[in-house]
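**Q** give me the fold of what follows.
(chains A and B)
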There are 2 protein chains.
Amino acid sequence: MAETVARERKILVAVDESEESLYALSWCLENVVSENSKDTLVLLYAKPLRSAYTALDGTGYLFSSDIVATMERHNNEMADRVMARAKKICHDFGEVAVETRVENGDARDIICSVAQKLVPDVLVMGSHGYGLIKRAFLGSVSYHCAQNVKCPVLVVKRPKTSRNN
Amino acid sequence: MAETVARERKILVAVDESEESLYALSWCLENVVSENSKDTLVLLYAKPLRSAYTALDGTGYLFSSDIVATMERHNNEMADRVMARAKKICHDFGEVAVETRVENGDARDIICSVAQKLVPDVLVMGSHGYGLIKRAFLGSVSYHCAQNVKCPVLVVKRPKTSRNN
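**A** Numbers count the residues shown, from 1 in each chain, chains lettered A, B, ... in the order given. Presented below is the predicted three-dimensional model:
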């Protein structure tokens, strides 16, 4: 092979609570991360902003501060859970450097802006997901990111079990 | 690493006359095909159907049979040239099994139907291209395919030199 020296690649993986995004992570580990790699996986999770809840409120109904606080707590716990699962998948795979980033904001904006700053070798995403609430309204996050980021984008669909396939 | 046995993967790479699609092929070889792999690269080229020319004819003007014959010859030569370049890129990379397929039809249909039949481990595409004429009218082939195929899709943009980036 032409390339025998292990390169130091930065692989940005957008993870969320969907099984599909974690499947995308597994697929990336098995198919893109090579045995002797010096790859660093950057696991990115976008935590919804508070304004995302009020955006739901199209009927004039306002969420009480209790509900907002509960949602925030839920979101923090979700971020922790997703990151824990994602890190476990990486560690079960083998020795690979892992960094985690949790950012507040719309998944589409977060993924694009982190990709712009990090300039990863590749951005890995599931084809759906990235915010259970948002995807219903905004459509495909992966499409938006694939259009806007400059690096290669790997969109992984979860086979068979996904209802959308 | 968890995975030490080389797997036999089938990697479908959609190539066309654009530099971007050949860059996508190179990127795939350097980043996805591993050193001890038993991967097979299937290079796919979609050759426009004759009806694609007449579809251009929105003004009532009809192409003469001479022009159609010239376009057909041009298309055949283009297919040969693209495949020759793509195969050279593979051979320069190293020992990797390569198959070629040239199919007649719309790039979007061809790529999706071949992906459906072959069930490759991954489909690799440039983010633009796949028919210089068609892309102006039909938009992004890679988006259509990413939406419709069931396998993981790797969309590679050519850095910097691309006018669209």
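**Q** need the helices for chain A, in chain order.
**A** A:19-31, A:50-55, A:65-93, A:107-118, A:132-138, A:141-148 (DSSP state H).
**Q** what's the least confident stretch among those?
**A** Taking the mean pLDDT of each of these, the lowest value is held by helix A:132-138, a mean of 45.
**Q** so A:A14 makes contact with A:D109?
**A** No: contact between A:A14 and A:D109 fails when scored by CB atoms under 8 Å: they sit 12.0 Å apart. To be clear about C-beta, it is placed using only N, CA and C from the backbone, and glycine gets the same treatment.
**Q** these two: which has the busier surroundings?
**A** Legend: neighbour count by other CB atoms under 10 Å in any protein chain shown for A:A14 and A:D109, higher for A:A14 (28 against 15).
**Q** tell me the pLDDT at that one?
**A** 96.
**Q** dump the residue contacts of the nearest residue to A:E99 once chain neighbours are set aside.
**A** Nearest residue to A:E99, sequence neighbours excluded (CB to CB, 6 or more residues apart in numbering or on different chains): A:V42, at 4.8 Å. Residues near A:V42 by CB atoms under 8 Å, 6 or more residues apart in numbering or on different chains: A:10-13, A:98-101, A:114, A:118, A:120.
**Q** so A:E17 versus B:Q147, what's the distance?
**A** 22 Å (CB to CB, to the nearest Å).
**Q** how about A:E72?
**A** 34 Å.
**Q** likewise A:T100?
**A** 30 Å.
**Q** how about A:L123?
**A** Here the criterion is CB to CB. By it, A:L123 lies 18 Å from B:Q147.
**Q** which residues of chain A lie near chain B?
**A** A:1-4, A:9, A:24, A:27, A:30-35, A:92-95, A:121-122, A:127, A:140, A:142-143, A:146-147, A:150-157, A:159, A:165 (CB under 8 Å from any CB of the partner chain).
**Q** among these, which ones are in strands?
**A** Judged by DSSP state E, these include A:122, A:153-156 as members of strands.
**Q** which ChimeraX command selects the buried ones in those residues?
**A** To isolate the buried ones among these in ChimeraX, judged by 16 or more other CB atoms under 10 Å in any protein chain shown, type:
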select /A:122,153,154,155,156
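**Q** what lies in contact with stretch A:98-111?
**A** Stretch A:98-111 has contacts (CB under 8 Å, 6+ apart) with A:12, A:14, A:16, A:40-49, A:52, A:79, A:83, A:86-87, A:90-91, A:114, A:123, A:125, A:130-131, A:134, A:138, A:141, A:144-145, A:149.
**Q** so what's the gap between it and the chain middle?
**A** Relative to its chain's centre, stretch A:98-111 lies at 7 Å (CA atoms, centre = their mean, to the nearest Å).
**Q** likewise stretch A:8-20?
**A** With CA atoms, centre = their mean, you get 5 Å for stretch A:8-20.
**Q** flag every buried residue along it.
**A** For stretch A:8-20, burial by neighbour count (16+ other CB under 10 Å) applies to A:9-18, A:20.
**Q** show me the beta-bridge partners of the residue nearest to A:E99.
**A** Beta bridges link A:V42 to A:L12, A:E99, judged by DSSP bridges.
**Q** for it, give its distance to B:K10.
**A** A:V42 is 29 Å from B:K10, by CB to CB.
**Q** and if you look at A:Y45?
**A** 32 Å.
**Q** try A:V149
**A** A:V149 is 27 Å from B:K10, by CB to CB.
**Q** ok, A:K150 next?
**A** 28 Å.
**Q** related to what we said a few turns ago, can you say which of the contacts of stretch A:98-111 are buried?
**A** Neighbour counting by 16+ other CB under 10 Å classes A:12, A:14, A:16, A:40-48, A:52, A:79, A:83, A:86-87, A:90, A:114, A:123, A:125, A:130-131, A:134, A:141, A:144-145, A:149 among the contacts of stretch A:98-111 as buried.
**Q** in a markdown table, list the helices of chain A along with distance to B:I67.
**A** A markdown table is the format used below for those (distance: least, CB to CB, whole Å):
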| stretch | distance to B:I67 |
| --- | --- |
| helix A:19-31 | 45 |
| helix A:50-55 | 55 |
| helix A:65-93 | 56 |
| helix A:107-118 | 44 |
| helix A:132-138 | 45 |
| helix A:141-148 | 36 |
